[in-house]
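Enquirer: This is a predicted model, with the sequence first.
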Amino acid sequence: MSQRKDDAIRQIVRDKYSSIAKATATGCGCNTRSCCETATANASTPENASASLGYSDAQVSAVPSGSNMGLGCGNPHAIASLKKGETVLDLGSGGGFDCFLAAQAVGEMGHVIGVDMTPEMVSKARENAVRAGYENVEFRLGEIESLPVANSSTDVIMSNCVINLSPEKPRVFKEAFRALKPGGRLAISDVVAVAPLPDEIKNDPELYTGCIGGASPIDELEHMLKEAGFTDIHIQPVDESKKFIRDWTPGMNVEDLVVSATIEAIKPCGCACCT
């Protein structure tokens, strides 16, 4: 893609999620085709939407009010295995839902950084953190293709249904590799393509911002991760996700083209066991 086209896609995504952050309705408040409709389909709530994505009742009830916006396509905490004292980076942190769960898992000696390119989302997350008294979480404005974090500074990078929105996914994984400490790990939930996407889907702005049009095939994601330097790559489609993906775009049968998947990988530590 040309830089101009990439920037245009980013602006479309930014505008869409800015409107979601500003919405005052239950859930994301959107009324167009989108993964955010997970929160509004069938008169659902963000809490019910998160339950359908694999979050426990305890997780849903443990975060500040307003941080759970019903967004996502899975639960990256199920594969993150977070430990006390770790530093966690969340790509596309939204209202802060996954960051607040991570903050509880890593404890007072740990640290969580959320990065989002939408100013309204960052402001919302910061307000949630202040209101709930979280001191081991911070939210930074930035693009996931150019992360505002130092080299080798994080133990774990998480993300929930965001990388598919990037027009420059190889850059995202290279940046993730740069930001991770040796031995650091990826714990990602995202949408992947399991069949070729027709041009009318790939070129539809609503379907792109709705986490469908930008989905990459599994073999392409594996190649991107290897090119970035990652090892121990595991991408596991979640067949059960077809049910809620069907609700994103009723009648379009997109669940035959894309599914949610868990994506795990390691940045080699350089020791003999990793070479």
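Expert: Yep, that arrived. Numbering: from 1, shown residues only.

Enquirer: When you work out contacts or count neighbours from here on, use the C-alpha atoms and nothing else.
Expert: Noted.

Enquirer: What is the burial count for the residue lying closest to residue 149 once chain neighbours are set aside?
Expert: The shortest distance from residue 149 to any non-neighbouring residue, by C-alpha to C-alpha, 6 or more residues apart in numbering, is to residue 179 (6.6 Å). Per other C-alpha atoms under 10 Å, the neighbour tally for residue 179 reads 23.

Enquirer: Now do residue 179, the pLDDT please.
Expert: Per-residue pLDDT puts residue 179 at 98.

Enquirer: need the contact list for it.
Expert: For residue 179, the contacting residues are 147, 149-154, by C-alpha atoms under 8 Å, 6 or more residues apart in numbering.

Enquirer: same thing but at 10 Å, please
Expert: Contact partners of residue 179, counting by C-alpha atoms under 10 Å, 6 or more residues apart in numbering, are 89, 147-157, 173, 267.

Enquirer: As a markdown table, the residues you listed with neighbour count and distance to residue 5 would be great.
Expert: Conversion of the contacts of residue 179 to a markdown table gives the following (neighbours: other C-alpha atoms under 10 Å; distance: C-alpha to C-alpha, whole Å):
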| residue | neighbour count | distance to residue 5 |
| --- | --- | --- |
| 89 | 30 | 27 |
| 147 | 20 | 20 |
| 148 | 15 | 23 |
| 149 | 18 | 26 |
| 150 | 10 | 28 |
| 151 | 14 | 28 |
| 152 | 16 | 31 |
| 153 | 16 | 31 |
| 154 | 24 | 31 |
| 155 | 22 | 33 |
| 156 | 25 | 31 |
| 157 | 26 | 27 |
| 173 | 23 | 20 |
| 267 | 26 | 31 |
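
Enquirer: Go through these and flag which are in strands.
Expert: Assigned to strands by DSSP state E, the following of these qualify: 89, 154-157.

Enquirer: Now compare those and name the two farthest from each other.
Expert: 89 and 155 (8.1 Å; C-alpha to C-alpha).

Enquirer: Now do the shared contacts for the two.
Expert: Contact criterion C-alpha under 10 Å, 6+ apart; residues shared by residue 89 and residue 155: 111, 179-180, 186.

Enquirer: Could you tell me the per-residue confidence at residue 69?
Expert: pLDDT at residue 69 comes out at 90.

Enquirer: Whichever of the shared contacts of residue 89 and residue 155 end up buried, select them in ChimeraX.
Expert: Buried residues among these (16 or more other C-alpha atoms under 10 Å), as a ChimeraX selection:
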select :111,179,180,186
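
Enquirer: Between the shared contacts of residue 89 and residue 155, which sits nearest residue 142?
Expert: Once C-alpha to C-alpha is applied, the member of these that ends up nearest residue 142 is residue 179, at 13.8 Å.

Enquirer: if I look at that closest one, how far off is residue 86?
Expert: To residue 86, residue 179 is 14 Å away according to C-alpha to C-alpha, to the nearest Å.

Enquirer: Mutual contacts of these two, please.
Expert: Contacts common to residue 179 and residue 86, judged by C-alpha under 10 Å, 6+ apart, are 154-156.

Enquirer: Turn those into TSV, including pLDDT and distance to residue 256.
Expert: Below are these laid out as TSV (pLDDT from 0 to 100; distance: C-alpha to C-alpha, whole Å):
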residue	pLDDT	distance to residue 256
154	98	36
155	98	35
156	98	31
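
Enquirer: Adding distance to residue 226, write those residues out as CSV.
Expert: CSV is the format used below for the shared contacts of residue 179 and residue 86 (distance: C-alpha to C-alpha, whole Å):
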residue, distance to residue 226
154, 19
155, 19
156, 18
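
Enquirer: From the shared contacts of residue 89 and residue 155, which land in helices?
Expert: Within the shared contacts of residue 89 and residue 155, residues falling in helices by DSSP state H are residue 179.

Enquirer: Show me the two of the shared contacts of residue 89 and residue 155 that sit farthest apart.
Expert: 111 and 186 (16.3 Å).
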